[in-house]
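Participant: Compute the structure for the input listed below.
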Amino acid sequence: MNLLTFTIDQEAAPLRIDRYLAEQCPEFSRSYLQKLLKEQKVTADDKPVKANYKIQPGVQIQVEVPDMEVPDIRPENIPLDILYEDDYLLVVNKPKGMVVHPAAGHTEGTLVNAVMAHCGDNLSGINGVLRPGIVHRIDKDTTGALVICKEDSVHRDLAEQLKEHSIKRRYRAVVQGNLKEDEGTIEGPIGRHPTDRKKMAINHKNGKPAVTHYKVLERFGQYTYIECRLETGRTHQIRVHMTSIGHPLLGDTVYGSSKNPFHLQGQTLHAMILGFLHPVTGEYMEFEAPLPEYFLKLLEKLRK
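Facilitator: Residues are numbered from 1 along each chain as shown. Alright, predicted model coming up:
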């Protein structure tokens, strides 16, 4: 365990403790600092404090940083479809059916296992032992572009770009039904479903703000091919938002119909375009993950 100690300056403004720690400890992500606060590992004059505690001049703040766990995750020689790689990051095209990072009882066959084999020790450690290098994720049955970080400073920069909604993300999807408008915007806070803990839902009480823009690319009568642009990146955002306007994603048996006429493996959703400022060079970079074969074949069937 590592104990960090700070004494609040006499001229310090009454800043929230979570913001103060973010300034003092740039090596930690905000989510990790929030986790330490929730676990009562942050004290002010030896008393545990919450995230909304306002710092006071002369008070001693202590942060108990647990030792890094040794991961029981083995690198696996799983082929990666790499769209781009340099010394600081790589962009991969994730296949359908692959989980991004391990979870309890599921420590094999994930993107993290594959990336650990490819990168060795060169992965950022900010998101802990289960998610090395992972800044953002996409669902198991969603395909497409994902960025992996090799250094903590690069990870922090990209996490900040995500937070500021400056990363460009364009998805392709096929939804059920014929959308009335050629384009539109869906706004609705997303949080846990009140009764089904495995699902997300529009939750005005406990949800986080979420905005999805959609544009029709092609109409097939009972189905519509669309592009979605994300302003925010909530869990299952596109799936929840499209369902909320009566157009669930084709193949999505969780949020849509249990019927699966095209025998699809999960929702028809592909993270096609990913664009961001390179954290080291400052250059804007944009990557396009080609539509997977199953998606192209589905479009062919729908066009007939």
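Participant: can you list the residues that contact the helix or strand hosting Thr224?
Facilitator: If you go by DSSP states H and E, Thr224 is part of strand 223-230. For strand 223-230, the external contacting residues (Cβ atoms under 8 Å, 6 or more residues apart in numbering) are 169-179, 211-219, 237-238, 242, 247, 250, 272, 299, 302. All C-beta spots, glycine's among them, are computed from the backbone N, C-alpha and C.
Participant: All the strands of the stretch 1-150 of the chain, in order from the start?
Facilitator: Ranges of strands within the stretch 1-150 of the chain are 2-7, 42-44, 47-48, 60-65, 82-85, 89-94, 143-149, based on DSSP state E, counting those that start in this stretch.
Participant: Out of those, indicate the one that is most buried.
Facilitator: Among the strands of the stretch 1-150 of the chain, strand 143-149 has the highest mean neighbour count (mean count of other Cβ atoms under 10 Å), at a mean of 26.
Participant: Break down the stretch 151-300 of the chain into its helices, ranges please.
Facilitator: Chain-ordered helices for the stretch 151-300 of the chain, with DSSP state H, counting those that start in this stretch as the definition, fall at 152-163, 237-244, 293-303.
Participant: then the second one to PDB, C-alphas only?
Facilitator: This means helix 237-244. What follows is helix 237-244 as a C-alpha-only set of coordinates in PDB (Å, rounded to 0.1, in the frame of the first residue of the first chain):
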ATOM      1  CA  GLN A 237     -26.600   3.800 -25.700                       C
ATOM      2  CA  ILE A 238     -27.600   3.200 -29.400                       C
ATOM      3  CA  ARG A 239     -29.500   0.000 -28.500                       C
ATOM      4  CA  VAL A 240     -31.500   1.800 -25.700                       C
ATOM      5  CA  HIS A 241     -32.100   5.000 -27.600                       C
ATOM      6  CA  MET A 242     -33.300   3.300 -30.800                       C
ATOM      7  CA  THR A 243     -35.600   1.000 -28.800                       C
ATOM      8  CA  SER A 244     -37.000   4.100 -27.000                       C
END
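Participant: and that helix, what other elements does it pack with?
Facilitator: Contacts defined by 3 or more Cβ pairs under 8 Å, 6 or more residues apart in numbering; DSSP states H and E place helix 237-244 against strand 168-176, strand 183-187, strand 190-192, strand 200-202, strand 211-219, strand 223-230.
Participant: where in this protein is pLDDT low?
Facilitator: Of all residues in the chain, those with pLDDT under 70 make up the ranges 68-71, 104-105.
Participant: center of it - which residue?
Facilitator: His136 (3.1 Å; Cα atoms, centre = their mean).
Participant: what separates that one from Pro194, distance-wise?
Facilitator: For His136, the distance to Pro194 (Cβ to Cβ, to the nearest Å) stands at 26 Å.
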